[in-house]
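[1] Starting from these lines, generate the structure:
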Amino acid sequence: MKPLHPEIEQRLQQYRRDYEVANGRPFEHFFCPILAIDERAELIRGHVINKAYNGAPRTWVIQRADVDNFGSSAESVGARAAGESALRGRIASC
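    Predicted structure coming up:
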């Protein structure tokens, strides 16, 4: 597994402290709230709102790459639908 980017490492340490306060002990690798497991996995910067939405904030959280990539097809369908809806609204207002 490749080394973590310093921003991810810094945020991971904060998550570990927060987890310890809430649970009485820190997680070992990364506790994934979606899978509810703590195991070694590739970690990435997961976006909160898809970048396809113009003007969306670039807020990010640590995410497992396998979990983030699993949702990418669903996200692309949602982003495409939102874009088509916005386009229909612009055409209707002409």
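[2] Could you use CA atoms for every contact and neighbour count after this?
    Will do.
[3] Can you pull out the low-pLDDT segments for the chain?
    70-94 (pLDDT under 70).
[4] Quick one: the helices in it, in order.
    Assigned by DSSP state H, the helices in the chain fall at 6-23, 65-70, 72-92.
[5] Test of understanding: give the bridge partners of F31.
    D38 (DSSP bridges).
[6] What are the neighbouring residues in contact with it?
    I37, D38, E39 (CA atoms under 8 Å, 6 or more residues apart in numbering).
[7] Can I get these in a markdown table including neighbour count and distance to Q10?
    Putting those into a markdown table (neighbours: other CA atoms under 10 Å; distance: CA to CA, whole Å) gives the following:
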| residue | neighbour count | distance to Q10 |
| --- | --- | --- |
| I37 | 12 | 21 |
| D38 | 13 | 18 |
| E39 | 12 | 18 |
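[8] out of the residues you listed, which one sits closest to P3?
    Set against P3, the nearest of the contacts of F31 by CA to CA is E39 (15.9 Å).
[9] Do I have it right that that closest one meets H29?
    Yes: using CA atoms under 8 Å, E39 is in contact with H29, at 5.4 Å.
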